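*Asks:* generate a structure from the sequence data that follows.
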Amino acid sequence: MSDLACPTCGAELDLMTLFAHESDQRALARLAAVSIPLGARVLQYVQLFTPPRQRLTARKKIKLLLDLLPDLERAAIQHKGRDWPAPLPAWAEAIDQMLDARAAGRLELPMKGHGYLFAILAGMADRHEAAAEKTREEQRRAQRAAHTKGAPLKVTDVVPGLVPLALPIATAGERVAAAAPPGPSPTVRAMRAEIERAKAARANPSPQSQGADE
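*Replies:* Below is the predicted model:
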């Protein structure tokens, strides 16, 4: 039994049909909010699920779209047990690769799920991570090479974020002692000088001391 009828033409409408159309419109609005240009690509991607010699129903299109929207909105996917970053440009490139493969006859149609698309996105993210790690390693090597040619390499240059330990502050007496040249103490030097004077006196006696001896 119909719930509503058009006052002009008398066409009967079911409330469930109206709510279904409202849900479809919300899904399309979410896709447009993500990106209008990307939305056109996503709709082309959805067509890859069309069975041979058949049409893809609107209900099936919306279901496929709703499958993708959460990942599109968070710009990430889950593939093989981990999350991968998937910015919107990556989605566009991945879908373009699939559309090119369809045009070249290299894509088995119709698609059965989103696994192939997610594999492309994960591969792109993996290559991006590898390139970023390679860049960081080249920077570390350049820093080590620069220090080898110039100033001594410090641990803080190799391990970023490491805070060097502060050295204890020396007292004034310690600084004076450290600055003094190494050698005997003043007492030892005075004793050695006295011994040297005694030796010199015995070797060169004065005339008074010689007369006294006679």
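*Asks:* from here on, just use CA atoms for contacts and neighbour counts.
*Replies:* Will do.
*Asks:* return the residues in contact with residue 30.
*Replies:* residue 69 (CA atoms under 8 Å, 6 or more residues apart in numbering).
*Asks:* in what helix or strand does it lie?
*Replies:* Using DSSP states H and E, residue 30 sits in helix 15-34.
*Asks:* the next helix or strand after that helix - what's its average pLDDT?
*Replies:* Per DSSP H and E, the first helix or strand lying C-terminal to helix 15-34 is helix 36-46. Mean per-residue pLDDT for helix 36-46: 91.
*Asks:* please save the CA atoms from helix 36-46 in CSV.
*Replies:* Extracted C-alpha coordinates of helix 36-46, given in CSV (Å, rounded to 0.1, in the frame of the first residue of the first chain):
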residue,chain,number,x,y,z
ILE,A,36,34.3,17.2,-6.8
PRO,A,37,37.0,16.1,-9.3
LEU,A,38,37.8,13.0,-7.4
GLY,A,39,34.0,12.2,-7.2
ALA,A,40,33.9,12.0,-10.9
ARG,A,41,36.7,9.4,-10.9
VAL,A,42,35.0,7.4,-8.1
LEU,A,43,31.8,7.2,-10.1
GLN,A,44,33.9,5.9,-13.1
TYR,A,45,35.5,3.4,-10.8
VAL,A,46,32.1,2.2,-9.6
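*Asks:* who touches it?
*Replies:* Here helix 36-46 makes contact (CA under 8 Å, 6+ apart) with 31, 32, 61, 64, 65, 88, 91, 92, 95, 96, 98, 99.
*Asks:* quick one: which of the residues you listed is nearest residue 146?
*Replies:* Residue 146 lies nearest to residue 88 out of the contacts of helix 36-46, by CA to CA, at 39.1 Å.
*Asks:* report the separation between the closest one and residue 36.
*Replies:* 11 Å (CA to CA, to the nearest Å).
*Asks:* in terms of neighbours, single out the busier of these two.
*Replies:* The neighbour count for residue 88 versus residue 36, taken as other CA atoms under 10 Å, is higher for residue 88 (17 against 12).
*Asks:* elements contacting the helix ranked longest in the chain?
*Replies:* Longest helix in the chain by number of residues (criterion: DSSP state H): helix 115-149. The contact analysis (3 or more CA pairs under 8 Å, 6 or more residues apart in numbering; DSSP states H and E) places helix 115-149 against strand 76-79, strand 82-85, helix 88-103, helix 155-158.
*Asks:* these: lowest mean pLDDT?
*Replies:* Taking the mean pLDDT of the helices and strands packed on helix 115-149, helix 155-158 comes last: a mean of 55.
*Asks:* good, we can wrap up now.
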